[in-house]
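**Q** Sequence and computational prediction follow.
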Amino acid sequence: MDARREETAQMHRWALSPFSVTPAANLLSRCISVGAVSQEEIDSASSSQSPAFSPQVQEAEQRIAKQKQLDELQLQLELLRVDQQSADVAHSFHLAQRFQLLQMLSSHLQDVLKEQKRLRQRLMKPLAQTSVSLPAHLHRSVVDSVKLMMDFIETLEEKLSSAHSWTSTKECLSQLDSSITLLLAEAAEIETLSNQILRWKAVGSSQLSDPSSSSSS
């Protein structure tokens, strides 16, 4: 009982001292005093350069470290992808690519405009100024062919104008027929009205003549 009280008092003194000893340290000191373990073994086990107590624990620590490195690399890769997707369009790299595309498009448009200008000049050039590479004995035939072509064009224009005029004439005739029909209908109506007016006039004159004859008798 006294020994237990002394041990309790000793523990209280350790707790009150500024450099208190933990229960684990107390247990290790007892093991050393008994001879169960030596101080060198404890120092080698607690040193940072010594391996872990168990190879499974060491493998677990290695796996945890590798997984941590892998997570960090994946995070860096994801950040790089986000930076690439949301890159600033005003960056010199993107601007250089767009400038090259604009230059290519501008050169293509210039070539198209030049070709269009040359084609327009060729089309606007009079046919008389163009040199026809024909043998001399065929020049007369070419002139005759041109005359025949001009005559054909004139005849074709006359035929076309006649066809157009025939179409307009048919339309005018149909309009004239409809106008005549309307005129005849109006004439018949006027004739009916005039007959009615004449009958009314005859009836009125007969009524006026009857009182005069009675007064004379």
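**A** Nice, I can see it. Residues are numbered from 1 along each chain as shown.

**Q** Give me the next element, helix or strand, following the least confident helix or strand in the chain by mean pLDDT.
**A** The weakest-scoring helix or strand in the chain, judged by mean pLDDT, DSSP states H and E, is helix 2-16 (a mean of 52). If you walk from helix 2-16 toward the C-terminus, the next helix or strand you reach (DSSP states H and E) is helix 23-34.

**Q** check contacts around residue 30.
**A** Contact analysis of residue 30 by Cβ atoms under 8 Å, 6 or more residues apart in numbering lists nothing. C-beta coordinates here come from the backbone N, C-alpha and C atoms, glycine included.

**Q** okay, it: pLDDT?
**A** For residue 30, the pLDDT comes out at 78.

**Q** likewise the one 4 residues further on?
**A** Looking at residue 34, its pLDDT is 78.

**Q** go on, the one 10 residues further on?
**A** Residue 44 is assigned 66 on the pLDDT scale.

**Q** and what of the one 10 residues further on?
**A** According to the model's per-residue confidence, residue 54 sits at a pLDDT of 59.

**Q** Which parts of the chain belong to which domain?
**A** For the chain, automatic domain parsing gives the domain ranges 2-61, 146-199.

**Q** Lowest average pLDDT across those domains?
**A** domain 2-61 (a mean of 63).

**Q** And the helices in this structure, which stretches?
**A** 2-16, 23-34, 39-46, 55-85, 92-124, 139-216 (DSSP state H).

**Q** Residue 77: neighbour count?
**A** 10 (other Cβ atoms under 10 Å).

**Q** cool, and residue 159?
**A** 10.

**Q** I'd like to know how far it sits from residue 147.
**A** Using Cβ to Cβ, to the nearest Å, residue 159 is found at 19 Å from residue 147.

**Q** Same question for residue 96.
**A** 65 Å.
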